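1. Just to be clear, the model below is a prediction. Sequence and coordinates:
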Amino acid sequence: MKNLYTLKKYFLRYRKKLIAGIFFIIFSNAGMVYIPILIKDSINTLQQNLELNRLIKYAVLIVLSSIVAGVFRFYIRQMIIVVSREIEYDLRGDFWAHIQKLPLKFFQENSTGNIMAHATNDMNAVRMFLGPAVMYSIDTFIRLVIVVAIMLNISPSLTLYALIPLPFLSVAVYLVGKKVHTRFTAIQEKFSEITTKVQENFSGIRVIKSYAKEEWEIKDFTDLSRDFLQKNMRLVKVQAFFQPMLFLLTGMSIIIVIWVGGMRVINQTMLLGDISALVIYLGILIWPMIAFGWVINIIQQGEASMKRLNKIFAETYDIEDDKETDHSIKNIDGDIIFRNVNFRYNENSPLVLKGINLTITSGSTVAIMGNTGCGKSTLVNLLPRLYDITEGEILFGGRKIKQIPLNVLRRNIGYVPQETFLFSDSIKNNLCYGLEVPDEDKMLKASSVARFDKDVNEFPEKYATIVGERGITLSGGQKQRASLTRALILDPEVLILDDSFSAVDTHTEEEILTNLREFLKGRTSIIISHRVSTVKDSDKIIVLDRGSIAEEGTHEELLAKEGIYYDIYTKQQLEKEIQEYS
């Protein structure tokens, strides 16, 4: 139950409604347990003196008691079940807000399908605990206390006989509860695997069809589903055994009462109405006992799911504002300095960046080149603090990067990553994503700079065109230009282009670079590219090799050194000549 204890703050938030729900449970049970007393009195009284008026009186009282019990039963659900939905809403919102703030490392270590399973299946299991489990737990406890108290008042000895099976019931509940917890946890973990599989298949449907792997994927999914079915069946077998066992134990109580009580009625040491009331009370306790078993299952499932959710909630925000942050800072300066910067992704992993010392003057254009895996993207990812440096420091306008509020830092950096991502929405909403309020003038101007406008104007719906999931209806080059437009709209102080023209033809790239020169005046820009033609006009070119700066200078200076940059330039020139003559 320690995992479910974390829900305490939500219960406290809605404590008034929950307390009202508890009172309604008491009133509903009071109406219900009064009915057997009326039946007992009516049987005992009418046995001695059968009168129509008395019969009508007891009938009316029984009907009124039933109405009272029914009305308050309705309000129980209106309070406690509604509260469970409200807590689910709050919990889901807190979970989503927490997920949004977690660092990129978390998403690299956890699959999308696994996170989706937490947000759906686990959340639903917790809601079942919040609503039905809480309601029936309180209802069962109150009803048990009231009914047993009345039964003891009627016949203490016979009541004790009736309660003989209860210790066996407690032991069974404990043993079954442990099995339910273990088996439900296994089910949830397998559900996460299935969700991951489905998400990956939908996202990678083009690859699956290109390699004709449909049958293989169907078989793999079938195997996962079969394993999921088997794990569910293991849980169902436990539950199927539990319910009949509850009926058996509660049924034994009724048999004991009828047998022992019947003998006393025969011996005239007990009235028929008393034995009738005791049997009815045991009947009233049958559903709570069954509900108790059902509640145990729900609690164990909720406990298992909340344990999984708590693992996510326990993830810390490695990158956030702290005591070092100066919230008076509202803008950043494009003057950037790297001082002895080292970076590794994990504590035990090797350094990806080593001894980076770099000065980027405000308003200048700096290009970064190097072989695949040398740390180019990692270097620029440090600027918007997608990752924090391991050692050294980064300064913006003389201020340490951690002094700048995270929102201010990221709002002033336009970042176009290698892998473009578009939402399943209209082109306009995708392009204006970074703005508080969509601005059509800014959108059109940025689209023109990125040479994306000529493509959009050919679509029937123009900027209202829905691009499909991940922008599937657009080509690779169109998606890159859409991503560039989205960054330009922000009018950023610093613009980072991480190999953003790889899917764009050289002619369109030249047009974009020409437009960008005017746009980038007075702004700091960092361009990562494998093409020398893209970076040759930059104010400074950095060549990375195995995480360190191997060369630095202008295009002409680097060619004169005849080092790595010179080799890249020579190879690309040769490739260009071969293409021209072929």
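-> That came in fine, so what should we check first? From a predicted model like this one, the values you see are computed outputs, not experimental measurements. Numbers count the residues shown, from 1 in each chain.

2. surely Ile194 meets Asp227?
-> No: using CB atoms under 8 Å, Ile194 is not in contact with Asp227; the gap is 9.0 Å. Every residue, glycine included, has its C-beta placed from N, CA and C.

3. Spatially nearest residue to the residue most central in space within the chain, not counting backbone neighbours?
-> Geometric centre of the chain, nearest residue: Ala119, 3.8 Å, by CA atoms, centre = their mean. Counting by CB to CB, 6 or more residues apart in numbering, the nearest residue to Ala119 once its immediate chain neighbours are dropped is Phe95, at 6.4 Å.

4. Where does that neighbour sit, in terms of helix or strand?
-> helix 82-101 (DSSP states H and E).

5. okay, that helix in CSV with CA atoms only?
-> Provided in CSV are the C-alpha atoms of helix 82-101 (Å, rounded to 0.1, in the frame of the first residue of the first chain):
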residue,chain,number,x,y,z
VAL,A,82,-17.2,11.5,-9.3
VAL,A,83,-14.2,12.3,-7.0
SER,A,84,-12.3,9.3,-8.5
ARG,A,85,-12.8,10.9,-11.9
GLU,A,86,-11.6,14.3,-10.7
ILE,A,87,-8.5,12.7,-9.0
GLU,A,88,-7.8,10.8,-12.2
TYR,A,89,-8.0,14.1,-14.1
ASP,A,90,-5.6,15.7,-11.7
LEU,A,91,-3.2,12.7,-11.7
ARG,A,92,-3.2,12.4,-15.5
GLY,A,93,-2.5,16.2,-15.7
ASP,A,94,0.4,15.9,-13.2
PHE,A,95,1.8,12.9,-15.0
TRP,A,96,1.7,14.8,-18.3
ALA,A,97,3.3,17.9,-16.8
HIS,A,98,6.0,15.8,-15.2
ILE,A,99,6.7,13.9,-18.5
GLN,A,100,7.0,17.2,-20.4
LYS,A,101,9.7,18.5,-18.0
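
6. from the chain's centre, how far out does it sit?
-> With CA atoms, centre = their mean, to the nearest Å as the basis, helix 82-101 stands 9 Å off its chain's centre.

7. Now do it: which elements does it pack against?
-> helix 8-13, helix 15-48, helix 123-128, helix 272-313 (3 or more CB pairs under 8 Å, 6 or more residues apart in numbering; DSSP states H and E).

8. Flag every buried residue along it.
-> For helix 82-101, burial by neighbour count (16 or more other CB atoms under 10 Å) applies to 83-84, 87-88, 91, 95, 99.

9. Show the average pLDDT along that helix.
-> The average pLDDT for helix 82-101 rounds to 84.

10. and the angle from it to helix 15-48?
-> 150 degrees (axes from the mean of the first three to the mean of the last three CA atoms, to 10 degrees).

11. Give the next helix or strand downstream of helix 82-101.
-> Assigned by DSSP H and E, the successor of helix 82-101 is helix 104-109.

12. what pLDDT, on average, does that following helix get?
-> 76.

13. what sits up against that helix?
-> By CB atoms under 8 Å, 6 or more residues apart in numbering, the residues outside helix 104-109 that reach it are 115, 315, 318, 345-346, 386-387.

14. returning to what we had before: which ones are touching the residue nearest to the centre of the chain?
-> Here Ala119 is in contact with 92, 95-96, 99 (CB under 8 Å, 6+ apart).

15. Quick check: the residue nearest to Ile280 when sequence neighbours are not counted vs Arg517, distance?
-> Counting by CB to CB, 6+ apart, Ile280 lies nearest to Pro36, which is 4.1 Å off, once chain neighbours are set aside. Distance, Pro36 to Arg517, by CB to CB, to the nearest Å: 90 Å.

16. what distance separates the start and the end of stretch 361-370?
-> 21 Å (CA to CA, to the nearest Å).

17. buried set for it?
-> Quick answer for stretch 361-370 (16+ other CB under 10 Å): 362, 364-370.

18. just to revisit the earlier point, now render the contacts of Ala119 as JSON lines, adding distance to Ala446.
-> Shown next, in JSON lines, are those (distance: CB to CB, whole Å):
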{"residue": "Arg92", "distance to Ala446": "35"}
{"residue": "Phe95", "distance to Ala446": "35"}
{"residue": "Trp96", "distance to Ala446": "30"}
{"residue": "Ile99", "distance to Ala446": "30"}
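
19. Report pLDDT for Asn357.
-> 90.

20. I'd say it and Ile394 touch.
-> No: assessed by CB under 8 Å, Asn357 is found out of contact with Ile394, at 11.2 Å.

21. tally of neighbours for Ser533?
-> Around Ser533 there are 16 other residues, counting by other CB atoms under 10 Å.

22. circling back to that earlier point, gap between the residue nearest to Ala119 and Val126?
-> When Phe95 is compared with Val126 (using CB to CB), they lie 10 Å apart.

23. shared neighbours of those two, which are they?
-> Leu309.

24. looking at the helices and strands packed on helix 82-101, which is closest to Ala162?
-> helix 272-313 (6.2 Å; CB to CB).

25. now the closest one, how far from the centre of its chain.
-> With CA atoms, centre = their mean, you get 29 Å for helix 272-313.

26. Direction included, what does the helix or strand just after that helix pair against?
-> Next helix or strand after helix 272-313 toward the C-terminus (DSSP H and E): strand 336-343. Sheet pairing of strand 336-343 (DSSP bridges) gives strand 353-360 (antiparallel), strand 391-396 (antiparallel).

27. Name the next helix or strand downstream of the last one, please.
-> Where DSSP H and E defines the elements, the next helix or strand beyond strand 391-396 is strand 399-400.

28. Tell me where the chain has strands.
-> Using DSSP state E, the strands of the chain run over residues 336-343, 353-360, 365-370, 391-396, 399-400, 413-416, 494-498, 524-528, 540-545, 548-553.

29. Quick one: closest of these to Ile26.
-> strand 413-416 (59.6 Å).

30. list the helices and strands the closest one packs on?
-> Looks like strand 413-416 contacts helix 476-489, strand 494-498 (3+ CB pairs under 8 Å, 6+ apart).

31. pLDDT weak spots in the stretch 101-250 of the chain?
-> 167, 170, 174, 177, 203-204, 206-207, 209-211, 243 (pLDDT under 70).

32. Which parts of it are helices?
-> 104-109, 112-117, 123-128, 134-154, 156-162, 166-203, 205-210, 214-266 (DSSP state H, counting those that start in this stretch).

33. Show me the one of these that comes nearest Gln300.
-> When the helices of the stretch 101-250 of the chain are ranked by proximity to Gln300 (CB to CB), helix 166-203 comes first, at 4.1 Å.

34. Any idea how far the closest one is from the middle of the chain?
-> So, by CA atoms, centre = their mean, the centroid of helix 166-203 is 19 Å from its chain's centroid.
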